[in-house]
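Enquirer: structure for the following, please:
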Amino acid sequence: MKKLFLLILILFLTLPVFAQMGNIVIPDLEGYVTLKCDFHMHTVFSDGTVWPTVRVNEAYREGLDAIAITDHIEHRPFKADVIGSLNRSYEIAQASNRGIIVIRGSEITRGMPPGHFNAIFLSDADELMKENYMDVFRAAKAQNAFIFRNHPGWIRQQPDVTLWWTEHTQLFEQGMMHGIEVANGGTYFIEAHQWCLDKNLTMMGTSDVHNPMMIFEPGKHRTMTLVFAREKTAESIYEALMERRTAVYYNEFIIGEEKYLKELFEKSIDINITKSRNTANITFNNKSDLVFHLKKDSHDPRLTYFRNTGFTPYIIRPQSTQTITVRLNDGIESGDVNFIIENFLTTPGQEMKYTIGI
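Expert: The predicted structure follows:
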């Protein structure tokens, strides 16, 4: 009876989702395509509750470009009923990829230290089934895997403080840690953000989804990694991850290096300025599905703008055209409109600054 119930459940969860309901519009950067990716998710081949094809259908429905199913190596609660190698979830997903790039991966599931890690771009996940965790990492490195640390502030493993352990230094120095999750699901890890900057590690954002993925309201999305790749191929994604060309898309936040965030802003929005004797009108045409929270920065007091927003940011909505009026006082004819984009984080606690000259 138990196996019959499981079979019925799997068949139900395997039903395809045909409609592509959403495709988040995010601009490409100069010389790169912006790929929407999720490199951390689970199926019934570890402790998830869906068949691998469901993960493909969810990604297709949301307009993602690439996914990695990273079922746990050491934690497989359904293995008596769902039998297969560590490669099986990848093989099933890849066979019905619907145009999604599917990357082979596994989650290394150990206590702290070192905690949980994902290894993706594996050639054979079964080779990672080893007793000593360092042997697992060495096996992943031997396959030229991209390895990143998962949810470093996870309360079940670090309930009081998020730490970088000696074991992490060892992995990092031996070329067996290339990135860290700056955001996992609904959580942003400020320490991980700083570690990525200090140690030149790749910033990652993932869903870590176990149950069926929720259907998002318009304007909402899963946490994901934006990969700035030379082309839409697995090989280009790997190269971009190794070269740290990513940003994290978490709620309405974009987290990453300023050079990428600045270009994302400039590629998303056309800015047009018209002037009269005492005023300048700045029109923002947002061609993307990103939202921008603008707030005044220090500026010449003879320029007046965002005057009615108080401490509330001026919000540029997705796919909208909005105009702000800048008043030119005391006879001035030009100046700099300085603001910060509150939801673009370049360092922990530091939002991106931007200037428009008029």
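Enquirer: ok, and what's touching the lengthiest strand in the chain?
Expert: The longest strand of the chain (DSSP state E) is strand 336-347. Contact partners of strand 336-347, identified using C-beta atoms under 8 Å, 6 or more residues apart in numbering, comprise 193-194, 197, 252-258, 261, 264-265, 282, 291-300, 303, 305-306, 313-314, 326, 351-358. Every C-beta, even on glycine, is put in place using the N, C-alpha and C of the backbone.
Enquirer: give me the buried subset of those residues.
Expert: Buried by 16 or more other C-beta atoms under 10 Å: 193, 252-257, 261, 264-265, 282, 291-294, 296, 299, 303, 305-306, 313-314, 326, 351-352, 354, 356, 358, out of the contacts of strand 336-347.
Enquirer: out of those residues, list just those in strands.
Expert: 253-256, 282, 292-294, 296, 303, 314, 326, 351-352, 354, 356.
Enquirer: in this protein, where is pLDDT below threshold?
Expert: 1-22, 307-311 (pLDDT under 70).
Enquirer: let me see the domain layout of this protein.
Expert: What automatic domain parsing lists as the domains of the chain is 2-256, 269-357.
Enquirer: wait, is Glu239 part of a helix?
Expert: Yes - checked against DSSP: H, G, I helix; E, B strand; the rest coil, Glu239 lies within a helix.
Enquirer: distance of it from Thr187?
Expert: Relative to Thr187, Glu239 is positioned 28 Å away (criterion: C-beta to C-beta, to the nearest Å).
Enquirer: swap in Met352?
Expert: 22 Å.
Enquirer: between the ones in strands among the buried ones among the contacts of strand 336-347, which is closest to Glu131?
Expert: Ile255 (36.4 Å; C-beta to C-beta).
Enquirer: check contacts around the closest one.
Expert: Counting by C-beta under 8 Å, 6+ apart, Ile255 has contacts Val182, Ala183, Tyr188, His193, Met203, Gly205, Ala247, Val248, Leu345.
Enquirer: in what helix or strand does the spatially closest residue to it that is not a sequence neighbour lie?
Expert: Among residues not flanking Ile255 along the chain, Val248 sits closest, at 4.1 Å (C-beta to C-beta, 6 or more residues apart in numbering). Under the criterion of DSSP states H and E, Val248 resides in strand 246-250.
Enquirer: need the residues that contact that strand.
Expert: Residues from elsewhere that reach strand 246-250 (C-beta under 8 Å, 6+ apart): 26, 36, 179, 182-183, 188, 202-205, 221, 223-228, 240, 254-257, 260-261, 264.
Enquirer: who does that strand pair up with?
Expert: strand 224-229 (antiparallel), strand 253-256 (antiparallel) (DSSP bridges).
Enquirer: dump those to JSON lines, plus distance to Gln319.
Expert: Listed next are the strands paired with strand 246-250 as JSON lines, based on distance: least, C-beta to C-beta, whole Å:
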{"stretch": "strand 224-229", "distance to Gln319": "18"}
{"stretch": "strand 253-256", "distance to Gln319": "17"}
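Enquirer: buried members of the contacts of Ile255 into PyMOL, please.
Expert: Buried members of the contacts of Ile255, defined by 16+ other C-beta under 10 Å, are picked up in PyMOL with:
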select buried, resi 182+183+188+193+203+205+247+248+345
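Enquirer: closest to Asp270 out of the contacts of Ile255?
Expert: Set against Asp270, the nearest of the contacts of Ile255 by C-beta to C-beta is Ala247 (20.9 Å).
Enquirer: any idea how far Phe228 is from that closest one?
Expert: According to C-beta to C-beta, Ala247 stands 8 Å off from Phe228.
Enquirer: now the common contact residues for the two.
Expert: Overlap of the contact sets of Ala247 and Phe228 (by C-beta under 8 Å, 6+ apart) consists of Tyr260.
Enquirer: the stretch 51-200 of the chain: strands as residue ranges?
Expert: 66-69, 101-109, 116-120, 146-149, 179-184, 187-188 (DSSP state E, counting those that start in this stretch).
Enquirer: any chance of CSV for these, columns distance to Phe78?
Expert: Output for the strands of the stretch 51-200 of the chain, formatted as CSV (distance: least, C-beta to C-beta, whole Å):
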stretch, distance to Phe78
strand 66-69, 15
strand 101-109, 15
strand 116-120, 19
strand 146-149, 25
strand 179-184, 23
strand 187-188, 26
